[in-house]
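Colleague: sequence and predicted structure are below.
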Amino acid sequence: MMKTFLIILPALAAAVMLSSCNRVLEPDSSFIGSSGIELTVGGSVILRHDPLTWQLGYNPTTKEFRASDDAMKSYFFVTCSAVPASTGQKLDATVTWTSGGSTQTSKGRFEVVKVQGDTYWLWNGDKKSRTGVTVRILR
């Protein structure tokens, strides 16, 4: 009995540690509640589309979404493995953005967590990135 316990205890501890490393976090309520096109990383809004000074782009062939200010000093691009279609859909995506002169990228598995018309809220809950991005299919 004691021998079995000594084998099970380390295995159980290892399983708990591994599961906590791969934990997926739920979307931030502020991201889900947002109504505009934006990029959120780690719980903070990094970039937000302003319809007066920003432009949107969408390429259905490459499944790429773009949002940029008129001067192209701040932007984010999202390239998806599939076109977002419905809540719960999972897709691979690469998000690249620049703000303040440095370019950053986040890659991973995103889930469509909200849909309003042609606008989709994509969320990667990996605890290292916690990236949310809103994209719009332009028709």
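Modeller: Good, I have the coordinates.

Colleague: only C-alpha atoms from now on, for both contacts and neighbour counts.
Modeller: Fine.

Colleague: for this structure, which segments count as helices?
Modeller: Assigned by DSSP state H, the helices in the chain fall at 2-21, 29-33.

Colleague: could you tell me the least trusted of those?
Modeller: Mean pLDDT per stretch puts helix 2-21 lowest among those, at a mean of 51.

Colleague: list the strands paired with the lengthiest strand in the chain, with their directions.
Modeller: Once the chain is assigned using DSSP state E, the strand that runs over the most residues is strand 102-116. Paired neighbours of strand 102-116 in the sheet (DSSP bridges): strand 90-99 (antiparallel), strand 119-124 (antiparallel).

Colleague: for it, give the mean pLDDT please.
Modeller: Averaged across strand 102-116, the pLDDT comes to 96.

Colleague: buried ones in that strand?
Modeller: For strand 102-116, burial by neighbour count (16 or more other CA atoms under 10 Å) applies to 107-115.

Colleague: what lies in contact with it?
Modeller: Applying CA atoms under 8 Å, 6 or more residues apart in numbering, the contact partners of strand 102-116 are 32, 84, 86-98, 120-125, 129, 131.

Colleague: what's the spacing between it and its chain's center?
Modeller: How far strand 102-116 lies from its chain's middle: 2 Å, per CA atoms, centre = their mean, to the nearest Å.

Colleague: hmm, back to that, out of the strands paired with strand 102-116, which gets nearest to residue 135?
Modeller: Residue 135 sits nearest to strand 119-124 of all the strands paired with strand 102-116, at 5.4 Å, using CA to CA.

Colleague: how far is the closest one from where the chain is centred?
Modeller: So, by CA atoms, centre = their mean, the centroid of strand 119-124 is 6 Å from its chain's centroid.
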